[in-house]
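**Q** Make a model of this:
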Amino acid sequence: MSGRLSLDAESLYQTLCKGVGAMLTPTSRLVGITSGGAWLATRLQKDLNLSGDAGSISSAMHRDDFAKRGLADGGQTKLPFEVNGAHVIVLDDVLYTGRTIRAVLNELFDYGRPASVQLAVLVDRGGRELPVQADFAAARIALPADQLLALAKAADGRFSFSVEG
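**A** Just a heads-up that it's a prediction; the model follows:
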């Protein structure tokens with residue numbers, strides 16, 4: 001069964017924008033996890049009037065289920081800044097088990113050693129399998145394990161959620 005979740009993604013995005021704005025330092029760099037997190041990072045980069053481009057990062061090469069999943073069509077890692085010494089804010093749409101974040105951290109450190117890494121998410125749905133916690137979450141919800149919460153981006157750039165399962 002799939003359908004619309006009564007969670008206003010645009011309203012949550014505004015909350016995320018304020019939260020990330022409060023986290024920024026002069027050396028902060030935004031990096032979004034492909035694909036939903038990358039959409040968020042790109043829009044935040046513009047809405048927060050930050051110079052340069054946001055980065056995008058893929059978890060594909062460091063996933064613990066790589067042999068089963070293979071390479072996803074999420075995109076490749078693109079970090080248009082020096083990672084060494086940067087204060088990196090990683091953005092994701094939905095935080096669930098923590099396995100994607102673990103893989104992304106491994107990928108990020110392949111590019112250098114940041115001064116710090118923080119995590120900001122649109123939705124924390126609980127269900128952690130690893131000790132990972134967001135520094136900022138626009139919302140926290142509970143969903144059954146058999147349901148998937150997915151962020152969608154319309155042609156006009158607006159966000160919405162769907163739930164599948």
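
**Q** the bottom helix or strand of this structure by mean pLDDT?
**A** When the helices and strands of the chain are compared on mean pLDDT, DSSP states H and E, strand 2-4 comes out lowest with a mean of 46.

**Q** Check which element follows that one along the chain.
**A** Secondary structure here is assigned by DSSP states H and E; on that basis, the next helix or strand after strand 2-4 toward the C-terminus is helix 9-23.

**Q** can you give me the mean pLDDT across the following helix or strand past that next one?
**A** Using DSSP H and E, the helix or strand that follows helix 9-23 in sequence is strand 28-33. This predicted structure assigns strand 28-33 an average pLDDT of 98.

**Q** The residue nearest the centre of the chain in helix, strand or coil?
**A** Against the mean C-alpha coordinate of the chain, by CA atoms, centre = their mean, the closest residue is residue 92 at 1.2 Å. Per DSSP: H, G, I helix; E, B strand; the rest coil, the secondary structure class of residue 92 is strand.

**Q** Could you pull up the residues touching it?
**A** Residues counted as contacts of residue 92 (CB atoms under 8 Å, 6 or more residues apart in numbering) are 32-33, 36-37, 40, 100-101, 119-122. Where you see a C-beta, it was placed from the backbone N, CA and C, and this is true even at glycine.

**Q** Dihedrals phi and psi, residue 89?
**A** Comment: the main-chain dihedrals of residue 89 come out as phi -110, psi 110, following degrees, to the nearest 10.

**Q** Need the nearest residue in space to residue 105, chain neighbours excluded.
**A** residue 117 (6.8 Å; CB to CB, 6 or more residues apart in numbering).
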